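> can you look at this prediction? I've put the sequence above it.
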Amino acid sequence: MPNEKGGFDTVTMDRGSFSSLSGDQLTITEGTKTATYKTVTLTIPSSATVRRNGEAAKLSDLKSGDTVMVVQSPKATVVSANDAQHPDLPRLKFGMPRMGEHGIPLPKLPALPEEGSSSHSGKGAGEGPETGASS
């Protein structure tokens with residue numbers, strides 16, 4: 001992700017099933033329902049934003065069976081968890097919401113002319129109004 005210094009910051013994302021929590025150490029199991037890819041233990045800072053089922057939460061609110069996504073950057077850590085009744089993890093915002101979400105309008109595109117209509121002047125590129133002597 002670009003930073004204000006003209007360089008790039010590393011942003012990591014881990015997603016999996018909640019395994020355990022010990023203090024600020026969150027362990028999640030990554031993989032599919034039938035195969036484990038790896039188990040990771042992440043240090044979650046006290047300043048992290050934590051949400052469970054779309055609501056503000058604490059790390060201690062996470063439970064076995066939750067699907068967890070952790071996004072970490074130098075500026076922030078976001079932990080989002082959902083239980084089986086709320087299977088879709090919300091989209092995370094990285095400084096700017098996706099267009100069309102949270103009241104941000106989609107850009108207006110110009111309407112295309114209908115077939116057969118002539119919204120075009122008929123002049124080619126570089127051709128402008130006639131110049132020269134008038135009568």
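Yes, it's here. Residues are numbered from 1 along each chain as shown.

> what distance do you get for Met69 to Arg51?
Shown here: Met69 relative to Arg51, a distance of 10 Å by CB to CB, to the nearest Å. (Each C-beta comes from the backbone N, C-alpha and C, glycine too.)

> overlap in contacts of the two?
Residues touching both Met69 and Arg51 by CB atoms under 8 Å, 6 or more residues apart in numbering: 79-81.

> in this protein, which strand is the longest?
Across the chain, the longest stretch assigned as strand under DSSP state E is strand 12-22.

> may I have the strands that pair with that strand, each with its orientation?
With DSSP bridges as the test, strand 12-22 is paired with strand 25-31 (antiparallel), strand 67-72 (antiparallel).

> with just CA atoms, put the longest one into CSV.
By that I understand strand 25-31. What follows is strand 25-31, C-alpha atoms only, in CSV (Å, rounded to 0.1, in the frame of the first residue of the first chain):
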residue,chain,number,x,y,z
GLN,A,25,-1.9,-13.8,20.9
LEU,A,26,-4.6,-14.9,18.5
THR,A,27,-4.2,-18.2,16.8
ILE,A,28,-6.2,-19.1,13.7
THR,A,29,-6.2,-22.1,11.4
GLU,A,30,-6.0,-21.3,7.7
GLY,A,31,-7.2,-23.7,5.1
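
> give me the contact list for it.
Against strand 25-31 from outside (CB under 8 Å, 6+ apart): 14-21, 36-44, 59, 62, 68, 70, 79.

> now the shortest one
With contact meaning CB under 8 Å, 6+ apart, strand 67-72 is reached by 11-18, 26, 28, 42, 44, 62, 77-82, 87, 89, 92, 94.

> give me the buried subset of those residues.
Buried by 16 or more other CB atoms under 10 Å: 14, 16-18, 26, 28, 42, 44, 62, 77-82, out of these.

> hmm, which two among the residues you listed are most spread apart?
Ser17 and Thr77 (18.9 Å; CB to CB).

> got a pLDDT number for the residue nearest to His86 when sequence neighbours are not counted?
For His86, ignoring the flanking residues on the chain, the nearest one in space by CB to CB, 6 or more residues apart in numbering is Asn53 at 4.4 Å. Asn53 carries a pLDDT score of 92 in this model.
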